[in-house]
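Enquirer: Build me a model from this:
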Amino acid sequence: MAKQSGTRVITNKVRFLYAHLLEKYKNPLSNKESYSATILIPKDDKETLDVIAAAIKSATTEGAAHGITGIRRTPLRDGDQDRPEDPLFANCMFMNCSSQYQPDIIDRYGNHVVNPDEVYSGMYGRVSLNFFAYSAAGNKGISANLGNVQKLEDGERLSGRASARSEFSEFIEEGGNTEANNGETELPF
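Expert: All right, here's what the predicted structure looks like:
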């Protein structure tokens, strides 16, 4: 269940892309480092989209109270319009979020997740966001600050890196252990 309180939101299940959640990423355009991710929200998740819209409205109101008026940019974008060439964005809304502070990451049972093999682009989870108004270099808008993350399930890794099994599939011999056993080898004793 998605939740909203003022400018704060907790989403339903989203997919993480460009996930830099355990180490800061240096943006080559701004030269700034931050923890960040792009989140994909299915268009049929009206609940999450409605609470985000309400939080954006609250952030716009708060911004106006602090003299930030004429806001034109919001973080929520349409994948079908803005990224029509990428099938990952089909039937999704998306947004970029970042923070100077590392998000706390837990699994669906509340256990902390710190293993880099478990936190990656392509995984699914919930995220907490805080929306705020900004005015910088003549631009006025609403942005989303990355909060905490709850990993819900694994998804296809989107790192662009092929698995060893897919690269060497034509050379794999029959009779071996073909299960995905995270690289462990059975010892003969």
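
Enquirer: From now on I want contacts and neighbour counts done on CA atoms only, so please keep to that.
Expert: Fine.

Enquirer: What's the first helix or strand after the strand of greatest length in the chain?
Expert: When the chain is parsed with DSSP state E, its longest strand is strand 139-153. Next along the chain after strand 139-153, taking DSSP states H and E as the criterion, comes helix 164-167.

Enquirer: Now do the buried residues in the longest helix along the chain.
Expert: For the chain, the helix with the greatest residue count under DSSP state H is helix 46-65. By neighbour count with 16 or more other Cα atoms under 10 Å, helix 46-65 contains the buried residues 48-49, 51-63.

Enquirer: Can you measure across stretch 26-37, start residue to end residue?
Expert: 13 Å (Cα to Cα, to the nearest Å).

Enquirer: Tell me the buried residues in it?
Expert: Of the residues in stretch 26-37, those buried (16+ other Cα under 10 Å) are S34, Y35, S36, A37.

Enquirer: which residues touch that stretch?
Expert: 16-25, 96-103, 146 (Cα atoms under 8 Å, 6 or more residues apart in numbering).

Enquirer: Number of residues surrounding the residue lying closest to R157 once chain neighbours are set aside?
Expert: Spatial nearest neighbour of R157, chain neighbours left out: G122 (4.8 Å); criterion: Cα to Cα, 6 or more residues apart in numbering. Neighbour count for G122, taken as other Cα atoms under 10 Å: 22.

Enquirer: Could you report the pLDDT at G122?
Expert: The model reports G122 with a pLDDT of 95.

Enquirer: ok, now how distant is it from V14?
Expert: 10 Å.

Enquirer: Cross-check the contact I'm expecting between S98 and N148.
Expert: No. Counting by Cα atoms under 8 Å, S98 sits too far from N148 to count as a contact (10.9 Å).

Enquirer: higher neighbour count, those two?
Expert: Ranked by neighbour count (other Cα under 10 Å), S98 and N148 place S98 first, with 23 against 18.

Enquirer: Can you tell me what sits against the helix or strand encompassing that one?
Expert: Using DSSP H and E, the element containing S98 is strand 92-99. Contacts of strand 92-99 with the rest of the structure, by Cα under 8 Å, 6+ apart, involve 34-43, 75-80, 129, 143-147.

Enquirer: rewinding a little: okay, and which of the buried residues of stretch 26-37 map to strands?
Expert: Using DSSP E, those in strands are S34, Y35, S36, A37.

Enquirer: closest to I10 among those?
Expert: A37 (15.1 Å; Cα to Cα).

Enquirer: Below-threshold pLDDT in this structure: ranges please.
Expert: In the predicted model, the chain carries pLDDT under 70 at residues 159-163, 176-189.

Enquirer: try 90
Expert: Filtered on pLDDT under 90, the chain yields the residue ranges 27-32, 70-72, 116-117, 136-139, 156-189.

Enquirer: coming back round to it: so which other helices or strands are in contact with the following helix or strand past the strand holding S98?
Expert: Per DSSP H and E, the first helix or strand lying C-terminal to strand 92-99 is strand 105-106. With contacts defined as 3 or more Cα pairs under 8 Å, 6 or more residues apart in numbering; DSSP states H and E, the packing partners of strand 105-106 are strand 139-153.
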